[in-house]
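**Q** After the sequence you'll find the predicted model.
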Amino acid sequence: MSTTETCYIIYLLIGIPLTIWVGQTLHRNGRIFLIEAFHGKAEMADSVNHLLLVGFYLINIGYVLLGLPLGTKPDTVQGAFEFLATKLGLVLLVLGAMHFFNMFNFDKMRKKARHSDPAAPPPVIR
């Protein structure tokens, strides 16, 4: 097996599980925000949360797969480490950006729900 093929396998074995782990973490912890945004309607919140998870997977796993052939193919061990570090670093940056995008949207939904519910406590101002 060539150095490039080995790098591809390692990249996929790290990139896809990493994407799944981040997606599951967002899914599990984002539920609370969505339930509040949907005024306690857990079924609706869970449905939206699941749809967000599917979209997250489609975008991020698609990015991992599209990024596979990009870059200069390594032919040395040092090149292989640099190749993997670059590819996985980009995956982490995209996952981080998606995380902050989701958090921003969850916060907007939560604030909108609080403004539409007069019984809700006032938001904390920092």
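**A** Okay, I see it.
**Q** And the longest helix along the chain, what does it pack against?
**A** In the chain, assigned by DSSP state H, the helix with the most residues is helix 77-116. Counting contacts by 3 or more CB pairs under 8 Å, 6 or more residues apart in numbering; DSSP states H and E, helix 77-116 is packed against helix 3-37, helix 42-66. To be clear about C-beta, it is placed using only N, CA and C from the backbone, and glycine gets the same treatment.
**Q** so which of those gets nearest residue 73?
**A** With CB to CB, the closest approach to residue 73 among the helices and strands packed on helix 77-116 belongs to helix 3-37: 4.5 Å.
**Q** For the closest one, what is the distance to the chain centroid?
**A** 6 Å (CA atoms, centre = their mean, to the nearest Å).
**Q** tell me which residues of it are tucked away?
**A** Within helix 3-37, the residues scored as buried using 16 or more other CB atoms under 10 Å are 4, 7-8, 11, 15-16, 18-19, 22-23, 26-27, 30-31, 33-37.
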